[in-house]
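Colleague: Sequence and predicted structure below; questions after.
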Amino acid sequence: MAKTAHNQRGIDSASASDGPGLVGAESETERSAAAPIAPARARNAGAGRRSAALNGSRGSAWEDEGRAVAKALSHERRRIAADLHDLVMQDLAFALASARPLIDHPVTAAQAGTVIAAGERALTGARWLLADLCGKDRKPLIEAIEASVRQAARDVPLSFDADGVPAGAKPPDATVDTLVHVGREAVTNAVKHANPTLIQVVLQRTDRWRLQVHDDGCGFDAGHANGGFGLESMKLLAQALGGSVRVASTSDGSTTVEAILP
């Protein structure tokens with residue numbers, strides 16, 4: 001019995017001494033298996049930081065480029081405004097001052113009146129352009145378009161409808177400028193070439209901005225018409241904003257110019 005007990009104590013002692021050794025072996029194995037994981041995690045974390053840094057640098061570069069473009073455009077607008085004031089408006093004002101005395105002469109009165117009226121319209125338009133280029137006195141969309149097309153219509157009756165524009169709608173300045181330009185150019189062309197008795201301008205906003213200029217003049221064959229600078233400028237400005245300009249006319253009917261912008 002003593003021998004048996006001694007053997008049992010030996011087994012227990014061996015088990016006790018082997019236990020820590022086995023546990024230590026398992027911990028070493030786990031550490032060996034986990035050893036590649038830590039560097040991998042570190043590499044992944046480093047890659048994530050580099051990716052975030054790269055995205056951040058790209059975003060910063062895009063912001064810097066955007067600011068540079070905006071600054072260049074602002075500089076160019078100021079340069080054009082200065083040229084408009086110094087080279088165009090000054091000469092218009094001088095021409096008007098020279099023409100006004102002629103209206104009192106019976107021989108030149110009628111012709112002088114026509115010239116003076118044209119000069120005054122041109123000078124008013126130049127002032128509007130100057131204010132727009134300088135970013136001063138910008139009118140709300142509806143007011144800006146209506147004022148522009150009514151001035152362009154001169155003495156031709158014009159109706160203006162903006163009931164399709166929701167209250168509070170405020171498009172970007174570029175959209176306002178393009179709609180004003182298209183409206184003014186379309187009405188000017190109608191007055192100059194179509195001999196209309198009525199021009200109708202309709203502005204709407206649904207999912208997109210829609211401006212229609214319709215006249216009841218003589219029309220033209222759109223399939224054989226040569227696109228002048230005015231039509232090309234309308235199309236280019238609209239396309240630059242992701243929009244379009246369409247002209248529908250016939251040689252014996254009316255003409256409709258339609259601009260659609262996002």
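Modeller: Now that the structure is in, tell me what you want to look at. Numbering: from 1, shown residues only.
Colleague: Any stretches of the chain with poor pLDDT?
Modeller: Scanning the chain for pLDDT under 70 picks out 1-59, 62-63, 66, 69-70, 73, 135-137, 221-229, 252.
Colleague: could you pull out the strands for it?
Modeller: Assignment of strands within the chain using DSSP state E yields the ranges 158-164, 199-205, 209-215, 244-249, 255-261.
Colleague: Deepest-packed of those, please.
Modeller: Mean neighbours per residue, mean count of other CB atoms under 10 Å, is largest over those for strand 209-215, with a mean of 23. C-beta: built from backbone N, CA, C; applies to glycine.
Colleague: The residue nearest to S148 when sequence neighbours are not counted - how many residues pack around it?
Modeller: Among residues not flanking S148 along the chain, R184 sits closest, at 4.5 Å (CB to CB, 6 or more residues apart in numbering). Other residues within reach of R184, judged by other CB atoms under 10 Å, total 24.
Colleague: Pull the contacting residues for R184.
Modeller: By CB atoms under 8 Å, 6 or more residues apart in numbering, the contact set of R184 is 148-149, 151-152.
Colleague: 10 Å - rerun?
Modeller: By CB atoms under 10 Å, 6 or more residues apart in numbering, the residues touching R184 are 125, 128, 144-145, 147-153, 213, 230, 234.
Colleague: again with K235
Modeller: So K235 contacts 182, 227, 243-247, 259 (CB under 10 Å, 6+ apart).
Colleague: Only the buried members of the contacts of R184: can you turn that into a ChimeraX selection?
Modeller: In ChimeraX, a selection of the buried entries from the contacts of R184 looks like this (16 or more other CB atoms under 10 Å):
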select :125,128,144,145,148,149,150,151,152,153,213,230,234
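Colleague: Nearest to D207 among the contacts of R184?
Modeller: Closest to D207 out of those is I145 (19.4 Å), distances taken as CB to CB.
Colleague: and that closest one, what is it in contact with?
Modeller: Contact partners of I145, counting by CB under 10 Å, 6+ apart, are 139, 160, 162, 165, 176, 179-184, 201, 203, 211.
Colleague: That one and M89, how far apart?
Modeller: For I145, the distance to M89 (CB to CB, to the nearest Å) stands at 23 Å.
Colleague: now swap in G164 and tell me
Modeller: Distance of G164 to M89, computed by CB to CB: 36 Å.
Colleague: and if you look at S251?
Modeller: S251 sits 39 Å away from M89, taking CB to CB as the criterion.
Colleague: Compare the two and say which is more crowded by neighbours.
Modeller: More neighbours surround M89 than the other of S251 and M89, with 17 against 12 (other CB under 10 Å).
Colleague: for the nearest residue in space to N189 that is not next to it in sequence, what are its contacts?
Modeller: What sits nearest to N189 in space, not counting adjacent residues and going by CB to CB, 6+ apart, is G230, at 6.0 Å. Contact analysis of G230 by CB under 10 Å, 6+ apart lists 181-182, 184-186, 188-189, 192.
Colleague: just to revisit the earlier point, now the two most distant members of the contacts of K235.
Modeller: Pairwise over those, using CB to CB, the maximum falls at G227 and G243, 17.1 Å.
Colleague: Between those two, which has more neighbouring residues?
Modeller: Taking other CB under 10 Å, G227 and G243 do not tie; G243 has more neighbours (21 against 12).
Colleague: Now intersect the contacts of G230 with the helices, please.
Modeller: Of these, the ones assigned to helices by DSSP state H are 181-182, 184-186, 188-189, 192.
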